[in-house]
Structures are given as structure tokens and as C-alpha cells.
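Student: Predicted model follows, preceded by the sequence.
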Amino acid sequence: MSIAKIVLAVIVVIASLILIAVVLLQSGKNSGLTSAIGGQHDTYLGQHQSSSADARLARLTKWVAFIFLLAILILNLV
């Protein structure tokens with residue numbers, strides 16, 4: 001196994017772990033029981049803080065998914 005394959009395999013593993021973590025950190029479209037019980041979405045600041053955090057997480061998800069797919073494609077070509 002060449003050095004390039006090892007490096008790409010490590011990149012794929014790291015990107016997949018980051019992708020899993022980022023997806024799990026995102027809140028769903030419905031807040032579920034959190035908003036019904038009285039979670040952070042009660043206040044004006046809580047609503048906008050979570051949406052900006054969700055926007056950052058969504059942007060990070062796109063970039064990590066792109067890196068993951070690119071690494072997988074290159075790994076298959078090598």
C-alpha cells in the first residue's frame with residue numbers, strides 16, 4: 001500500500017468521523033420536546049443563536065461532505 005493510499009484512507013476516516021459528529025450536533029427542523037418543555041428556544045436570543053449555529057453547522061457539513069467525497073473518489077482512482 002502506497003503512502004498516498006494511506007494518507008487518503010486517514011483523511012476519509014477523519015472526515016467521516018467529523019461528518020457524523022456535525023450531523024448529530026445539528027438540531028432538527030422540529031425542536032421536538034425541547035421547545036415544548038421550555039428549552040433554549042423560548043427567548044428571542046435563543047432562537048437566533050441556534051439558527052446561526054445551525055447555519056454554521058450546515059455550512060461545515062457541506063464542506064466536510066465535499067472533502068469526504070473527493071477523498072473517496074481519489075482513493076478509488078489511485
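Tutor: Okay, I see it.

Student: Could you say whether residue 13 sits in a helix, a strand or coil?
Tutor: helix (DSSP: H, G, I helix; E, B strand; the rest coil).

Student: Quick check: it vs residue 28, distance?
Tutor: Distance of residue 13 to residue 28, computed by Cβ to Cβ, to the nearest Å: 27 Å. C-beta here means a position set from N, CA and C on the backbone, and glycine is covered the same way.

Student: Those two: which is more packed in?
Tutor: residue 13 (12 against 8; other Cβ atoms under 10 Å).

Student: in the helix ranked longest in the chain, what's buried?
Tutor: Secondary structure of the chain per DSSP state H: the longest helix is helix 44-77. Going by neighbour count (16 or more other Cβ atoms under 10 Å), the buried part of helix 44-77 is 50, 57, 60-61, 64-65, 67-68, 71.

Student: List the contacts of residue 60.
Tutor: By Cβ atoms under 8 Å, 6 or more residues apart in numbering, the contact list for residue 60 reads residue 22.

Student: what does the model give it for pLDDT?
Tutor: Predicted confidence (pLDDT) for residue 60: 94.

Student: Would you point out the helix or strand in the chain whose mean pLDDT is lowest?
Tutor: Of all helical and strand segments in the chain, the minimum by mean pLDDT, DSSP states H and E falls on helix 33-37, at a mean of 55.
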